[in-house]
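Asks: Need the 3D shape of this:
(chains A and B)
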Amino acid sequence: MELKEKFVNAFQKFEGTLNGDIQSPAHAVRKKAIQEFQGLGIPTTKHENWKYTNVNQLTQSDFSVLGSGQNIASIEKVIPELKANRLVFINGVLSEKNSVIIDQNITIKNLKEALKEDNVLIKKHFAQYANYQKEAFTALNTAYTLEGAFIHIPKGVQVENPILIHYKVVSDSNTVVHPRNLIVAEENAQATILELFNSENSQSTFINTVSEIVVDKHANIDTYKIQLDNQNIFNIGSIYVHQEGKSTYSNTVVTLDGKLVRNNLNVFLNGEYCETYMNGLYTPSRAKQLFDNHTFVDHAKPNCYSNEYYKGVIDGKGTGVFNGKILVRQDAQKTNAFQSNKNIVLSDDASINTKPELEIYADDVKCSHGATTGQIDHDALFYLRSRGMTEKGAKRMLTRAFANDIIEKVKIAELKTFLEEQLDEKLAV
Amino acid sequence: MLKIEGLKARIEEKEILKGVNLEVKPGEVHAIMGPNGSGKSTLASVLAGKDTFEVTGGTVTFNGKDMLGMEPEERAHEGIFLAFQYPVEIPGVNTANFLKTALNEKREANGQDPLSAADFLKLMKEKMELVEMDKAFINRALNEGFSGGEKKRNEMLQMAVLEPTLGILDETDSGLDIDALKIVANAVNKMRNANRSFVVITHYQRLLDYIVPDVVHVLQGGKIVKSGGKELALELEEKGYDWLKKSSELTV
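Replies: Next up is the predicted model:
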């Protein structure tokens, strides 16, 4: 049976596990979403947005589509020195034992609980930004929505500690999980949210995440997505950000490992004077390892600023894909939008497909984009070697330097140190 | 120490060095002068092992070992140091980290233990005083945004830390004001000893007022056309290189 049919057919069985929840408004959305998914199907390279990213490996894997059901009591804490609110999802299920909430003035809980309640925020925001009508994996996630983070930061609250959402799949069976997050930051709220993936499944695993992030007026939200899954993990995820006036949102994604990783980041600027920062680093290096970042910034209102900076280190037989689209609508005068994608290719078998896109309908804007792909600078390499560094060591130092300006953007000191160590380890291979 | 015999090298199809002979003994300072395009910088690059140049003939031995077969880092480990005419700016590489790595790789290659962080800092402090460099520089990215003078002083700092037995200075004086020039010369003079030699490549005689050479050579058209004592530099300054060209043509 094809993977699509498997998901469609299993939906009834999934509903059966939800008990009374099927009367909720959220469940009506699930039902709509599975229909959309059935219509959309899993994308192939014929779809413009999937031209360079072939998901054949995914569709050919034999998944038990309702999750592993395996219970793991405890897992190793990541970045233990980081004081943070922690939500830990093991095999897609929230582990209360491994989770801890230390900040009291906000709501952090399992989305599953919020969906059961008569929750005004769910009614207002759930599935309002995620485009499940057009995007197959988002539709699939929406249909199977259950576990995930529900975070509400009330008006004016500055969350003291970062909120870390840790996803780990550890089992010995083929597994699918669909984490779903809803983050609502009200006016003038401030928080840092970090998603970390480090699954170690021995079998094929499909992690299909969707996050909706609402950043209300004057709010300031920083998110990080750190991907360290092992070579069996397909990690496809979409973030949908909705910004209101004078808000600031920044995202930094660092993809160091995994099998096929696809990150969609969609930012809708619905108010004036918004600021948006998008940074990314990806280092594919193995055969059939593909890391893909697709970003889309929709400048709908005037006087907004967006800045995008993605860097790739492509080694071995790895493949990188970058596609960054900036849309400036007719009303969005005085938009400043900048985009840069730089890649360094370290081997003959490595490849990168990069495509910046600007679509501008306003006439008074400042926009720029650029993409570069190159090798290690020959003169710099000779300079370091002439001082006594080995060729390998010099290359590593130059590669590390290339990647460094993305790591420099990380504002959490413990996370920065952690990433530096991870990157050194990765480049030492 | 350094023995160059009949060295020929080209870049792409263009032959630049056409049979260079040069011998440098321990403790000596040799100046190589010559007009633009004579092959001075090519000679420096070939000695340091830059692979954009193809050696097509001749031999180079350093302390009796064949140098042309060595990788650039092996030459550095043997004790060769090239101070670049145009030091490369390398964003994201911290000067101190880089220099510590380079020094410890050299020490390891020579069977010495690596320096501890504390010992390295102490060494850096001492050498930075020698080149009158502000300590803020060591935490900056390598040469990034440095002025011409700062870059050349950074070359001298690296040389002082790595303590080569042969320092090759490729037009280190170019673009320097007189104060920076004195600092560079002072660093070299303090490093001069019976076992350490220098090859000072320069277009102008000015640097040789401060680094007084034992021997002066004139490189012209890819060959050394004249060698002499330090007074040769003064003669060149006065008469220009055309004088030599004419006289060498006359002697032919």
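
Asks: CA atoms for contacts and neighbours, from now on please.
Replies: Noted.

Asks: Name the helix or strand for whatever residue of the stretch 101-250 of chain B ends up closest to chain A, please.
Replies: Closest residue of the stretch 101-250 of chain B to chain A, Cα to the nearest Cα: B:Ala102 (5.1 Å). Take DSSP states H and E as the rule and B:Ala102 turns out to sit in helix B:95-109.

Asks: Show me what that helix packs onto, helices and strands only.
Replies: Applying 3 or more Cα pairs under 8 Å, 6 or more residues apart in numbering or on different chains; DSSP states H and E, one finds that helix B:95-109 contacts helix B:72-78, helix B:148-162.

Asks: Identify the residues contacting the helix or strand just after the longest one?
Replies: Spelled out, that is helix B:148-162. Tracing the chain past helix B:148-162, the next element assigned as helix or strand by DSSP H and E is strand B:166-170. Residues from elsewhere that reach strand B:166-170 (Cα atoms under 8 Å, 6 or more residues apart in numbering or on different chains): B:40-41, B:44, B:79-85, B:159, B:196-202.

Asks: just the helices and strands packed on helix B:95-109: most buried one?
Replies: By mean neighbour count, with neighbours taken as mean count of other Cα atoms under 10 Å in any protein chain shown, helix B:72-78 ranks first of the helices and strands packed on helix B:95-109 at a mean of 25.

Asks: which outside residues touch that helix?
Replies: With contacts defined as Cα under 8 Å, 6+ apart, helix B:72-78 is touched by A:382, A:385-391, B:48-50, B:67, B:106-107, B:109-110, B:164.

Asks: on that earlier part again, please point out which parts of the next helix or strand after the helix holding B:Ala102 sit buried.
Replies: Counting by DSSP H and E, the element after helix B:95-109 in chain order, helix or strand, is helix B:117-130. Neighbour counts over helix B:117-130 (16 or more other Cα atoms under 10 Å in any protein chain shown) mark B:120, B:124, B:127-128, B:130 as buried.

Asks: coming back round to it: which of the contacts of helix B:72-78 are buried? Put it as a ChimeraX command.
Replies: The buried subset of those, as determined by 16+ other Cα under 10 Å, is captured in ChimeraX by this line:
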select /A:382,385,386,387,388,389,390,391 /B:48,49,50,67,106,107,109,164
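
Asks: Where helices are concerned, which of the contacts of helix B:72-78 count?
Replies: Mapping these onto helices (DSSP state H) picks out A:382, A:385-386, A:391, B:48, B:106-107, B:109.

Asks: From those residues, pick the one nearest A:Gln231.
Replies: When these are compared for distance to A:Gln231 (Cα to Cα), A:Glu391 wins out at 28.1 Å.

Asks: Low-confidence ranges, the chain, go.
Replies: I went with chain A, as the question did not name one. Scanning chain A for pLDDT under 70 picks out A:67-70, A:429.

Asks: oops, chain B please
Replies: Residue ranges of chain B with pLDDT under 70: B:246-252.

Asks: Let me see the ranges of the helices in chain A.
Replies: A:3-16, A:25-40, A:56-59, A:111-116, A:120-125, A:136-143, A:378-386, A:391-407, A:413-428.

Asks: Residues of chain B that sit close to chain A?
Replies: Neighbours of chain A within chain B, by Cα under 8 Å from any Cα of the partner chain: B:48-50, B:72-77, B:81-82, B:87-93, B:101-103, B:105-106, B:162.

Asks: B:Thr165 versus the nearest residue to B:Thr59 once chain neighbours are set aside, what's the distance?
Replies: In space, and not counting its chain neighbours, B:Thr59 is closest to B:Glu5: 5.3 Å by Cα to Cα, 6 or more residues apart in numbering or on different chains. Distance of B:Glu5 to B:Thr165, given as Cα to Cα, to the nearest Å: 20 Å.

Asks: try A:Phe89
Replies: For A:Phe89 relative to B:Thr165 (Cα to Cα), the value is 60 Å.

Asks: cool, B:Lys245 as well?
Replies: Using Cα to Cα, we find B:Lys245 at a distance of 34 Å from B:Thr165.

Asks: Same drill for the two, tell me which one is more crowded.
Replies: Taking neighbours as other Cα atoms under 10 Å in any protein chain shown, B:Lys245 and B:Thr165 compare with B:Thr165 leading, 23 against 14.

Asks: That one: what's it in contact with?
Replies: B:Thr165 makes contacts with B:79-80, B:195-197, as judged by Cα under 8 Å, 6+ apart.

Asks: Quick check: phi and psi on it?
Replies: phi -90, psi -20 (degrees, to the nearest 10).

Asks: contacting residues for the nearest residue to B:Gly221 once chain neighbours are set aside?
Replies: Nearest non-adjacent residue to B:Gly221, counting by Cα to Cα, 6+ apart: B:Ser38, 4.9 Å away. Neighbour list for B:Ser38: B:16, B:219-222 [criterion: Cα under 8 Å, 6+ apart].

Asks: Pick out the most distant pair among those residues.
Replies: Greatest spacing in those, by Cα to Cα: B:Ile16 and B:Leu219 (11.1 Å).

Asks: Tell me which of those two has more neighbours.
Replies: Looking at B:Ile16 and B:Leu219 with other Cα under 10 Å, you find the greater number of neighbours at B:Leu219, namely 25 against 20.

Asks: what sits against the residue nearest to that one when sequence neighbours are not counted?
Replies: Excluding its sequence neighbours, the residue lying closest to B:Leu219 (Cα to Cα, 6+ apart) is B:Gly34, at 5.0 Å. By Cα under 8 Å, 6+ apart, B:Gly34 lies in contact with B:40, B:202-203, B:218-220, B:241.

Asks: could those go into a markdown table alongside distance to A:Glu359 and secondary structure?
Replies: Below are the contacts of B:Gly34 laid out as a markdown table (distance: Cα to Cα, whole Å; DSSP: H, G, I helix; E, B strand; the rest coil):
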| residue | distance to A:Glu359 | secondary structure |
| --- | --- | --- |
| B:Lys40 | 53 | helix |
| B:Thr202 | 55 | strand |
| B:His203 | 54 | coil |
| B:Val218 | 61 | strand |
| B:Leu219 | 59 | strand |
| B:Gln220 | 58 | strand |
| B:Tyr241 | 61 | coil |
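
Asks: Of those residues, just say which sits nearest to A:Asn161.
Replies: Closest to A:Asn161 out of the contacts of B:Gly34 is B:Thr202 (59.6 Å), distances taken as Cα to Cα.

Asks: was I right about the closest one contacting B:Glu171?
Replies: Yes. B:Thr202 lies in contact with B:Glu171 (Cα atoms under 8 Å); the separation is 4.7 Å.

Asks: ok, A:Gly280 - contacts?
Replies: By Cα under 8 Å, 6+ apart, the contact list for A:Gly280 reads A:252-255, A:309-311, A:406.

Asks: switch the cut-off to 6 Å
Replies: Residues near A:Gly280 by Cα atoms under 6 Å, 6 or more residues apart in numbering or on different chains: A:252-254, A:310.

Asks: Now, those that are in strands?
Replies: Among the contacts of A:Gly280, the members found in strands (DSSP state E) are A:252-254, A:310.

Asks: can you tell me the distance between the two ends of stretch A:15-33?
Replies: End-to-end distance of stretch A:15-33: 13 Å, with Cα to Cα as the criterion.

Asks: For that stretch, what is the distance to the chain centroid?
Replies: Distance of stretch A:15-33 from the chain centroid (Cα atoms, centre = their mean, to the nearest Å) equals 26 Å.

Asks: How about residues contacting it?
Replies: Against stretch A:15-33 from outside (Cα under 6 Å, 6+ apart): A:139, A:142-143.

Asks: Dump those residues to JSON lines, plus neighbour count.
Replies: Formatted as JSON lines, the contacts of stretch A:15-33 follow (neighbours: other Cα atoms under 10 Å in any protein chain shown):
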{"residue": "A:Ala139", "neighbour count": "29"}
{"residue": "A:Thr142", "neighbour count": "30"}
{"residue": "A:Ala143", "neighbour count": "28"}
